[in-house]
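Colleague: Next input, structure requested:
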Amino acid sequence: MAMVSEFLGQLSLNTCQEATYPTVVPAKDFDADKDAARIETAIKTKGVDEHAIIDILTKRTYSQRRDIAFAYERRAKKDMITALKGALSGSLEPVILGLMKSTAQYDASEIRGSIKGLGTDEEVLIEFLCSRSNSELVEIKKVYKELFKKDLDKDVAGDTSGNFAKLLLALIQTKRTDPSCVIDYEKIDEDARALYNAGVGTKGTDVATWISIMSERSVPHLQKVFDRYKNYSPYDMQESIRKEVKGDLEKSFLTLVQCFENKQLYFANRLSEGMKGKGAKEKVVTRIMVSRCEVDLMKIRTEFKAHNGQSLYKTITEHTKGDYQRALLSLCGGDD
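Modeller: Here you go, the predicted structure:
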């Protein structure tokens, strides 16, 4: 029974009242016992009834899935996550098992997976740490400690190095100021000049200044800073980053700036890239669909359609198949 207590034992509540734009919302007339019975039947069915599992779990919020898991354990005398793991396979398995975690639990688990064992998946680290808000990172740090009995900053420090490590650790420290109703034009100008003088405006790059400003200022402030930056530099902030730094540090700064400017467009572009060419880059697509379905996937859908000329729903239909496709389309929440 360890799995349920580990991932479902505590329903984390985020106290920050940030607006959300989910595609997965609470099911009306929800009956955990009825859903648990249907899932038990689906798992016991010869060949497994994946459709029933998908139709239930992709249309319930995390708190509702959590109630289903406890109801399942009461009736079946076994852990639902373990049962699902044994019943599912292929691309569908990580989607369904991912949905059995809260958003913060999922993020923490994916980060842990990227640094555990030999080698580090820098792409995953960058995606999660550079795209999450301060409040999300606070929750991820807390849940990471609960799940793995380790400190996120120590694990990241042990698996990264140089300025890349310094940037990630600065983000994990969650020193970003909250948005203010007062617009400080003097500070905006000061930060814009500092970014220019630390990069394009001098020989070499003062990365520490970039890290400090981009990890400590509020997002609305930084949006105005990047706009003001164009008064000093012949390049915008993203072009300046490409000229000044390379490798994982470049990718990290670019991800930060893209998320400051339009986070949902960043995710829409990641989904678009993940579904280009032959077959989807399933890990990327799965990560975004699972981690954002109760956060802002509705807005990501809007950005996807605006910048790709066709809906996310239609793109998923063209580039995926089978039960995996069915699950993603259900999480997508409809066509645009």
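Colleague: so which helix or strand takes in Pro179?
Modeller: Using DSSP states H and E, Pro179 falls within no helix or strand.
Colleague: All further residue positions should be reported with the first residue as 5.
Modeller: That works, and once the first residue is 5, the last one we named lands at Pro183.
Colleague: Surely it touches Pro224?
Modeller: Yes - counting by Cβ atoms under 8 Å, Pro183 does reach Pro224; the two are 4.8 Å apart. The C-beta positions use only the backbone N, C-alpha and C, and glycine is treated the same way.
Colleague: between those two, which one's more packed in?
Modeller: More neighbours surround Pro224 than the other of Pro183 and Pro224, with 14 against 9 (other Cβ atoms under 10 Å).
Colleague: list the contacts for that one?
Modeller: Going by Cβ atoms under 8 Å, 6 or more residues apart in numbering, Pro224 touches 183-184.
Colleague: go again using 7 Å as the cut-off
Modeller: If you count contacts by Cβ atoms under 7 Å, 6 or more residues apart in numbering, Pro224 has them with Pro183.
Colleague: And it, its phi and psi?
Modeller: phi -60, psi -40 (degrees, to the nearest 10).
Colleague: circling back to that earlier point, which neighbours do Pro183 and Pro224 share?
Modeller: With contacts defined as Cβ under 7 Å, 6+ apart, no residue is shared by Pro183 and Pro224.
Colleague: Now Gly51: phi and psi?
Modeller: Note on Gly51: its backbone torsions stand at phi 90, psi -10 [degrees, to the nearest 10].
Colleague: burial count for it?
Modeller: Per other Cβ under 10 Å, the neighbour tally for Gly51 reads 6.
Colleague: any idea how far Ala91 is from it?
Modeller: 10 Å (Cβ to Cβ, to the nearest Å).
Colleague: ditto for Glu277
Modeller: Glu277 is 32 Å from Ala91, by Cβ to Cβ.
Colleague: more neighbours, these two?
Modeller: More neighbours surround Ala91 than the other of Glu277 and Ala91, with 19 against 12 (other Cβ under 10 Å).
Colleague: center of this protein - which residue?
Modeller: Closest to where the C-alpha atoms of the chain average out (Cα atoms, centre = their mean) is Ser295, at 4.8 Å.
Colleague: Quick check, that one in contact with Ala108.
Modeller: No - if you go by Cβ atoms under 7 Å, Ser295 and Ala108 don't touch, sitting 9.7 Å apart.
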